[in-house]
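Student: Need a 3D model of the sequence below.
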Amino acid sequence: MDKFLNIIGALNDESRVLILAFLAQNGELCVCDLQNSLNMIQSRLSRHLKILKDSGFLEVRRKGTWAYYKIMEDLSLFHIQCLETIKELNLSLPSLKKSCKN
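Tutor: Predicted coordinates:
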């Protein structure tokens, strides 16, 4: 029950749904690219990314001082169904604004 509520809680925010849709569309991205593309301040974005990571949607890869996030490859069936439902929303996503120079 706790795992289910954790996943549902992570999806109970428009910004987090947008982040998942954006990463599903664009693949692995640096935090700075997410920040610029989604027009979010770093502290707010980091909080949302942590919640999505802790709920099993995202994985992080660190390269020096940079952090890259992507959708987990080994998702549960429920996670996959949630992502498919998000895709069906046909959200209007912003364009990717690459800013990282690494």
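Student: what ranges do the helices span in this protein?
Tutor: Along the chain, the stretches classed as helices by DSSP state H are 2-11, 14-26, 31-38, 42-54, 77-88.
Student: Count the residues that sit near Asn36.
Tutor: Asn36 has 16 neighbouring residues, counting by other CB atoms under 10 Å. The way it works is simple: take the backbone N, C-alpha and C, and place the C-beta from them, glycine included.
Student: got a list of what it touches?
Tutor: Asn36 makes contact with 97, 99 under the criterion CB atoms under 8 Å, 6 or more residues apart in numbering.
Student: Quick one, grab the pLDDT at it.
Tutor: At Asn36, the model reports a pLDDT of 95.
Student: Let me know the average pLDDT across stretch 50-66.
Tutor: So the average pLDDT for stretch 50-66 ends up being 95.
Student: gap between the two ends of it?
Tutor: End-to-end distance for stretch 50-66: 15 Å, by CA to CA, to the nearest Å.
Student: about what we covered before: and the helices of the chain as TSV, adding distance to Tyr69?
Tutor: What follows is those, written out as TSV (distance: least, CB to CB, whole Å):
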stretch	distance to Tyr69
helix 2-11	14
helix 14-26	6
helix 31-38	7
helix 42-54	6
helix 77-88	14
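Student: Go through the ones you listed and name the closest to Lys97.
Tutor: helix 31-38 (4.4 Å; CB to CB).
Student: Dump the C-alpha coordinates for the closest one into PDB.
Tutor: What follows is helix 31-38 as a C-alpha-only set of coordinates in PDB (Å, rounded to 0.1, in the frame of the first residue of the first chain):
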ATOM      1  CA  VAL A  31      19.200  19.500 -14.600                       C
ATOM      2  CA  CYS A  32      20.200  22.800 -16.200                       C
ATOM      3  CA  ASP A  33      18.500  21.800 -19.500                       C
ATOM      4  CA  LEU A  34      15.400  20.800 -17.500                       C
ATOM      5  CA  GLN A  35      15.500  24.100 -15.600                       C
ATOM      6  CA  ASN A  36      15.800  26.300 -18.700                       C
ATOM      7  CA  SER A  37      13.300  24.300 -20.800                       C
ATOM      8  CA  LEU A  38      10.600  24.100 -18.100                       C
END
